[in-house]
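Participant: here is my input; please provide its structure:
(one chain, ligands or ions: 2)
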Amino acid sequence: MELQDKIAPSVLSADFARLGEEVAEVERAGADMIHFDVMDGHFVPNLSIGIPVLESLRKVTRLPLDAHLMIENPERYVEVFVKTGANSVSVHAEVCTDIPAMAKRLHDLGARASVGINPETDVERVLPFAAHLDMILIMSVHPGFGGQEFIPEALEKLRAVRRELDRRALKVDIEIDGGVKLDNIAEVKAAGANVFVSGSGIFGQDDYRKVVKEMRDLIAHAPVKA
Ligand code: DX5
Ligand code: ZN
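Facilitator: Residues are numbered from 1 along each chain as shown. Ligands and ions are numbered 1, 2, ... in the order given. Below is the predicted model:
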């Protein structure tokens, strides 16, 4: 089942003093969506950005905004994120009490529904609900900070999720988030991901157009399955 490959720069690693320009630059560079990390200091040991920043970014880009809510009580906040302009919303399985209800809520609001799992969370926390979802997010670092090393065990999770989605003929995106860079993106694609979040791997480079193009070439030439 053919899913589109998408490159999603994470603005967590952008220069926040020039955030609008940074987003415009990755849009010109050929990015497919903008990954927007929200942290609450409870679900993860850090704070980041929220609604006012999303509202400002909505005005400067046509790209889909992909909100990644690393927050407790996500049901309290999804509506405001969608109404502010998020096109897809990921909530975490670890703190989402009713995944089908959350997915329905997001669909009713007009957004794509996604559920994420942390490195220590089993894929079985999300797979039973796959038919309700547009995307499953596999964390390949412990959430909370950009610039960490990719955790290799995530590859096995990607394979397990892709296998199960294929077996059930479900057209669900698999997003990989954390430590994705030029040196591992082909392996990540081969393992089953088709949405590639990259923060420091893109914003840490001087030439965004060059890195996005190189990522796309590596994805296109990745082995079919690993
Ligand atoms: C981590 C965030 C990631 C992060 C990725 O908590 O969810 O989206 O920004 O950054 P890199 O690509 O630098 O690991
Ligand atoms: Zn993220």
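Participant: how many neighbours does M215 have?
Facilitator: Counted with other CB atoms under 10 Å, residues neighbouring M215 total 25. Any C-beta I mention is one placed from the backbone N, CA and C, and that applies to glycine too.
Participant: count of neighbours near whichever residue of the chain sits closest to ligand 1?
Facilitator: Closest contact between the chain and ligand 1, by CB to the nearest ligand atom, is at G199 (2.8 Å). G199: 26 surrounding residues under other CB under 10 Å.
Participant: for stretch 165-183, C-alpha coordinates in PDB please.
Facilitator: Provided in PDB are the C-alpha atoms of stretch 165-183 (Å, rounded to 0.1, in the frame of the first residue of the first chain):
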ATOM      1  CA  LEU A 165      -0.500  -2.300   9.200                       C
ATOM      2  CA  ASP A 166       0.300  -4.200   6.000                       C
ATOM      3  CA  ARG A 167      -1.200  -7.400   7.300                       C
ATOM      4  CA  ARG A 168      -4.400  -5.500   8.100                       C
ATOM      5  CA  ALA A 169      -4.200  -3.500   4.900                       C
ATOM      6  CA  LEU A 170      -4.400  -0.200   6.800                       C
ATOM      7  CA  LYS A 171      -3.200   2.900   5.200                       C
ATOM      8  CA  VAL A 172      -1.700   4.600   8.200                       C
ATOM      9  CA  ASP A 173       1.400   6.800   8.200                       C
ATOM     10  CA  ILE A 174       4.300   5.900  10.400                       C
ATOM     11  CA  GLU A 175       6.100   8.900  11.700                       C
ATOM     12  CA  ILE A 176       9.600   8.500  13.200                       C
ATOM     13  CA  ASP A 177      10.700  11.200  15.600                       C
ATOM     14  CA  GLY A 178      14.100  11.700  17.200                       C
ATOM     15  CA  GLY A 179      17.700  11.600  16.000                       C
ATOM     16  CA  VAL A 180      16.800  11.200  12.300                       C
ATOM     17  CA  LYS A 181      19.600  12.400  10.100                       C
ATOM     18  CA  LEU A 182      21.300  11.900   6.800                       C
ATOM     19  CA  ASP A 183      23.300   8.900   8.100                       C
END
